[in-house]
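model the structure of this input:
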Amino acid sequence: MARRIKKTKKGKKNKQENLGKSFGRASVIGVFSGLIWSSVGLVCHLLNFSSVAPSLLFAPLPLGSWKQHFYVQFIAIACIGLISIAFALLYQLTLSRFETIWIGIAFGIFLWCMVFFALQPWIPGLPPLKKIGWNTMTTTLCLFVLYGLFIGYSIAFKIEENSNSENYSNE
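Modelled structure (predicted):
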């Protein structure tokens, strides 16, 4: 009986450690997804595929003309990386139990709809969807889909990797 109690306490401790590790991994996935895909968004903006740049993040802030400098794009990329931590954790808490890539794609489409429909009135530099143009619309939609797919697939891969390592451990 004493052994069973020890094993259940050890099992709870391992679950808490795995949960902490998975949140840490999801945070890293979030940072890198934000850095990678907002950098790709900047390249798309520089190549005139999109009229929307990462610095659009700072459009609601009334802090003057500093937002017009090029270095602000890199600050915005870093901030998007930090914001992506919350999105990756949100994905892990709500959608990680689904084992299909379509959930990640739907997550990206949901985020795109949130930015271009729900948050559009509060972002002064973002024109309405009717005036934004097909190039910007399709480019940003594809970037958001790839962003959601990256987060979803990476988190699902880490969860699958963790479950396989527990099955084949030497302990």
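
low-confidence ranges in this protein?
1-21, 162-171 (pLDDT under 70).

quick one: the helices in it, in order.
Secondary structure of the chain (DSSP state H): helices at 2-46, 71-95, 101-113, 129-132, 134-167.

quick one: stretch 88-98 to chain centroid distance?
In this view, stretch 88-98 has its centroid 11 Å away from the chain centroid, taken as C-alpha atoms, centre = their mean, to the nearest Å.

centroid residue for the protein?
Geometric centre of the chain, nearest residue: Ser84, 4.2 Å, by C-alpha atoms, centre = their mean.

excluding chain neighbours, what is closest to it?
Gly34 (3.1 Å; C-beta to C-beta, 6 or more residues apart in numbering). For glycine as for every other residue, the C-beta is placed from the backbone atoms N, C-alpha and C.

surely the one you found meets Ile80?
Yes: here Gly34 reaches Ile80: they are 4.4 Å apart, a contact under C-beta atoms under 8 Å.

so which of those two has more stuff around it?
Gly34 (26 against 21; other C-beta atoms under 10 Å).

and the more buried one, how far from Ile151?
9 Å (C-beta to C-beta, to the nearest Å).

hey, what's in contact with both of the two?
Ser84, Phe87 (C-beta atoms under 8 Å, 6 or more residues apart in numbering).

what sits against Gly133?
Ser51.

cool, Leu111 as well?
Phe87, Phe144, Tyr147, Gly148.

ok, and the closest non-adjacent residue to the second one?
If I follow you right, that is Phe144. Trp112 (3.8 Å).

surely the one you found meets Leu146?
No: Trp112 is beyond contact range of Leu146, at 10.8 Å (criterion: C-beta under 8 Å).

from the chain's centroid, how far away is stretch 42-62?
17 Å.

end-to-end on it?
22 Å (C-alpha to C-alpha, to the nearest Å).

residues of that stretch that come out buried?
Using 16 or more other C-beta atoms under 10 Å as the test for burial, stretch 42-62 gives 42, 44-45, 49-59.

need the helices of the chain in JSON lines (columns: distance to Ile123).
Formatted as JSON lines, these follow (distance: least, C-beta to C-beta, whole Å):
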{"stretch": "helix 2-46", "distance to Ile123": "15"}
{"stretch": "helix 71-95", "distance to Ile123": "13"}
{"stretch": "helix 101-113", "distance to Ile123": "13"}
{"stretch": "helix 129-132", "distance to Ile123": "12"}
{"stretch": "helix 134-167", "distance to Ile123": "13"}
